[in-house]
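1. Below are the sequence and a predicted model; questions follow.
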Amino acid sequence: MSLANGEATRNGSQFKMGEVVYSDVNDDGVQDAVASLDRYEGNGLDSQWYVWLADVDKPEQLQTPIAQSRNCGDFVKNVRAVNGGVKISEVRRSGEDSARSCAEGGTGDVTRTVAVEKNEVSQAWEPVQTAPTRAYGGVCPAMYAGGYEPGEFELYAMPSEKSKIASKSGEISGAQLPGENGTVLGGEPRGWSLVNVVEADNSMKRCAWVRTS
């Protein structure tokens, strides 16, 4: 989809380019752009933050967003440039928040730093969370009320064996496998699944990839 003067219309929805933040997210010494693309449809709003990497010919857009705001869902409070990437402050909404109105929002406050690294297997650029703990840097699957799969899973920052996240015994309680809304834009690579990580205190503040075969 191409924008004209920062706007476009498709299938009854209006798209607008929102805030733009500049930072060197892939450590090549050149400023890249992180921008929100806002979609309006009736009273609905869906805002997704994408990365555009600076390139000699033209900017290269990562196909997966790194943050998302949506009606009665997660909410991005702000995105700002920091050394080594961007810092995202957001509120995640889970099934535990079902008694709260959409206006009240969720209760899962999360602040994370996201950078972009190259997948050594596919050679594609991937968003990676670098702080406060290493994890996947894109949008996590929707959290739902209920249980999780206990165990000490081997976690990966991207769908690549070379991106394994070092962890200590007892650091996590398990993983919540994605529900019906836990899809990844473009689909999940074969043999991999994106899961919400259940920390030792039973909180869920990050997601990561696990091998399924």
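-> Perfect, thanks for sending it.
2. With just CA atoms, put the helix or strand containing residue 86 into CSV.
-> Here residue 86, judged by DSSP states H and E, is contained in strand 85-92. Only the C-alpha atoms of strand 85-92 are listed here, as CSV (Å, rounded to 0.1, in the frame of the first residue of the first chain):
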residue,chain,number,x,y,z
GLY,A,85,17.2,1.1,19.5
VAL,A,86,13.8,2.5,20.8
LYS,A,87,12.2,2.2,24.2
ILE,A,88,8.5,1.3,24.1
SER,A,89,6.1,1.9,27.0
GLU,A,90,2.8,0.1,26.7
VAL,A,91,0.0,-1.4,28.6
ARG,A,92,-1.0,-5.0,27.7
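3. What's the mean pLDDT across it?
-> The average pLDDT within strand 85-92 is 96.
4. One more: stretch 194-213?
-> So the average pLDDT for stretch 194-213 ends up being 92.
5. same question, stretch 14-22
-> 86.
6. oh, and call the first residue 876 from now on, that's how I've got it
-> Sure thing, new numbering starts at 876, so read that last one as stretch 889-897.
7. What are the buried residues along that stretch?
-> Neighbour-count burial for stretch 889-897 flags 890, 896 (criterion: 16 or more other CB atoms under 10 Å). Using the backbone N, CA and C atoms, a C-beta is placed for each residue, glycine as well.
8. One more: stretch 1025-1045?
-> 1028, 1030-1035, 1038, 1040, 1042.
9. hmm, who's touching it?
-> Applying CB atoms under 8 Å, 6 or more residues apart in numbering, the contact partners of stretch 1025-1045 are 992, 994-997, 1001, 1003-1004, 1008-1012, 1046-1050, 1063-1064, 1066-1067, 1070, 1072, 1075, 1083-1086.
10. Now do the contacts for residue 909.
-> Contacts of residue 909 (CB under 8 Å, 6+ apart): 895-898, 900, 924-927, 941, 954, 961.
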